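S.K.: pasting a predicted model and its sequence here:
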Amino acid sequence: MRVVFMGTPDFAVGALEALIEAGHQVTAVVTQPDKPKGRGKELQMTPVKVCAQKHGIPVFQPVKIREPEAVETLRSYQADIFVVAAFGQILPEEILSMPRYGCVNIHASLLPKYRGAGPIQWAIINGEKITGVTIMRMDKGLDTGDMLFKTEVEIAPRETADTLHDKLAEAGARLIVEALAKIEAGDVTPVKQNDADSCYAKMLNKSMGKIDWQMEAEKLDCLIRGLISWPGASAVYRGKTLKIWEEEAVSEQELMTWEGLPGQREGTFAGNAQPGTVIRVEKDAFFVQTGKGALKILAVQPEGKKRMAVKDFLLGYPMKPGETLF
């Protein structure tokens with residue numbers, strides 16, 4: 001098939017590579033404009049553009065896809081289908097109806113759950129056990145089009161948004177190749193989404209990363225793993241930001257076994273600790289009281305420094321039970 005591929009971040013690269021490998025004629029790649037990054041503010045190409053250039057595919061980077069000039073450029077490619085994966089702009093109806101087989105989107109959730117910009121992160125934050133990828137036929141709504149194909153992906157117990165991202169990108173790449181073969185053969189049964197079962201995966205923001213120690217340990221654990229790459233979850237310790245990279249939830253039942261046991265480890269803080277209080281320090285971990293249960297902190301990043309194991313952190317920041325993280 002003659003394909004125009006629309007995508008921008010790493011998530012979309014695997015799908016583009018898979019379509020090329022499957023023998024489809026990718027006539028053009030549409031991606032977001034290059035943006036300045038880093039201290040030098042040098043223009044940085046999108047991951048999808050890098051992939052396209054590697055394969056010698058023409059790249060189109062419109063600032064606004066709905067502008068008449070952009071629409072006519074898309075029309076000139078005479079594509080059979082537009083494949084979209086995290087492109088970053090909303091397509092108007094004029095574009096959606098342009099190709100022979102329409103526009104399909106690779107969405108990183110089992111629609112209608114988690115429509116929107118952050119389906120991967122919110123699946124982790126909300127403690128889901130199963131997610132997946134949906135190939136949907138795009139319409140003018142936000143991820144509301146008919147579902148064409150789905151595949152499920154299990155969320156592992158210690159999964160982070162980063163590891164789940166890679167699993168879903170790989171699943172999406174496999175599924176879009178299967179989907180295009182069936183679409184071309186006419187072997188498709190569209191299924192309408194039930195809006196009553198939908199939920200919105202809103203875009204993340206920096207304020208979400210401020211840890212509220214009043215939350216339950218299990219929910220905080222999910223939040224930290226969901227925000228791992230951006231914006232990250234952090235607290236204030238001794239007046240400076242401390243990012244949490246790795247942690248585990250400790251239940252209230254487990255906490256109750258600590259005090260009064262023979263051989264209790266040195267460093268246990270006795271008493272009714274307030275949320276945010278360090279209640280125990282070990283050689284490779286420290287424990288912080290939450291609204292229900294505690295968090296066992298295993299890896300951190302002090303302000304201005306690199307990520308490190310708590311064992312190394314404690315060498316430079318000797319910590320004692322009773323200290324507080326805000």
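M.R.: Yes, it's here.

S.K.: poorly predicted segments of the stretch 201-326 of the chain, please.
M.R.: Residues of the stretch 201-326 of the chain meeting the criterion pLDDT under 70: 259-271.

S.K.: let me see the ranges of the strands in it.
M.R.: 233-237, 240-250, 278-281, 286-289, 294-302, 308-309 (DSSP state E, counting those that start in this stretch).

S.K.: which strands or helices does the fourth one pack on?
M.R.: Secondary structure elements in contact with strand 286-289, counted by 3 or more CB pairs under 8 Å, 6 or more residues apart in numbering; DSSP states H and E, are strand 278-281, strand 294-302. (C-beta placed from N, C-alpha, C; glycine too.)

S.K.: before we move on, the earlier item: possible to save the strands of the stretch 201-326 of the chain as CSV with mean neighbour count?
M.R.: Shown next, in CSV, are those (neighbours: other CB atoms under 10 Å):
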stretch, mean neighbour count
strand 233-237, 19
strand 240-250, 19
strand 278-281, 22
strand 286-289, 26
strand 294-302, 21
strand 308-309, 15
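
S.K.: who wins for proximity to residue 57 among the helices and strands packed on strand 286-289?
M.R.: For the helices and strands packed on strand 286-289, the distance to residue 57 is smallest for strand 294-302, at 38.2 Å, taking CB to CB.

S.K.: how about residues contacting that closest one?
M.R.: If you take CB atoms under 8 Å, 6 or more residues apart in numbering as the criterion, strand 294-302 is touched by 217, 220-221, 240-250, 255, 279-280, 284-288, 307-310, 313, 316-317.

S.K.: that one pairs with which strands, parallel or anti?
M.R.: strand 240-250 (antiparallel), strand 286-289 (antiparallel), strand 308-309 (antiparallel) (DSSP bridges).

S.K.: turn the ones you listed into TSV, including distance to residue 83.
M.R.: Output for those, formatted as TSV (distance: least, CB to CB, whole Å):
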stretch	distance to residue 83
strand 240-250	35
strand 286-289	45
strand 308-309	41
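
S.K.: looking at the ones you listed, spot the one closest to residue 326.
M.R.: Across these, closest to residue 326 is strand 240-250 (CB to CB), at 9.9 Å.

S.K.: residue 87: which of the helices and strands packed on strand 286-289 is closest?
M.R.: strand 294-302 (31.8 Å).

S.K.: export only the CA atoms of that closest one, formatted as CSV.
M.R.: Included here for strand 294-302 are C-alpha records, laid out as CSV according to Å, rounded to 0.1, in the frame of the first residue of the first chain:
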residue,chain,number,x,y,z
ALA,A,294,5.1,3.1,54.0
LEU,A,295,7.4,3.5,51.0
LYS,A,296,10.7,1.7,50.9
ILE,A,297,13.0,4.0,48.9
LEU,A,298,15.7,2.2,46.9
ALA,A,299,17.1,4.7,44.4
VAL,A,300,17.1,8.5,44.4
GLN,A,301,18.5,11.6,42.7
PRO,A,302,19.6,14.5,44.9
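
S.K.: just want the angle from it to strand 233-237.
M.R.: If you take axes from the mean of the first three to the mean of the last three CA atoms, to 10 degrees, strand 294-302 sits at 80 degrees to strand 233-237.

S.K.: for residue 80, what are its contacts?
M.R.: Counted by CB under 8 Å, 6+ apart, residue 80 has contacts 1-3, 99-101, 184.

S.K.: list the contacts of residue 190.
M.R.: 137, 146-148.

S.K.: now the strands for the stretch 1-150 of the chain?
M.R.: 2-7, 25-30, 35-37, 42-44, 59-60, 81-85, 103-107, 130-137, 147-154.

S.K.: could you say what helices and strands the shortest one packs with?
M.R.: In this structure, strand 59-60 packs against strand 25-30, helix 47-54, helix 68-76, with contacts taken as 3+ CB pairs under 8 Å, 6+ apart.

S.K.: and the last one, by the same measure?
M.R.: In this structure, strand 147-154 packs against strand 130-137, helix 161-185, with contacts taken as 3+ CB pairs under 8 Å, 6+ apart.
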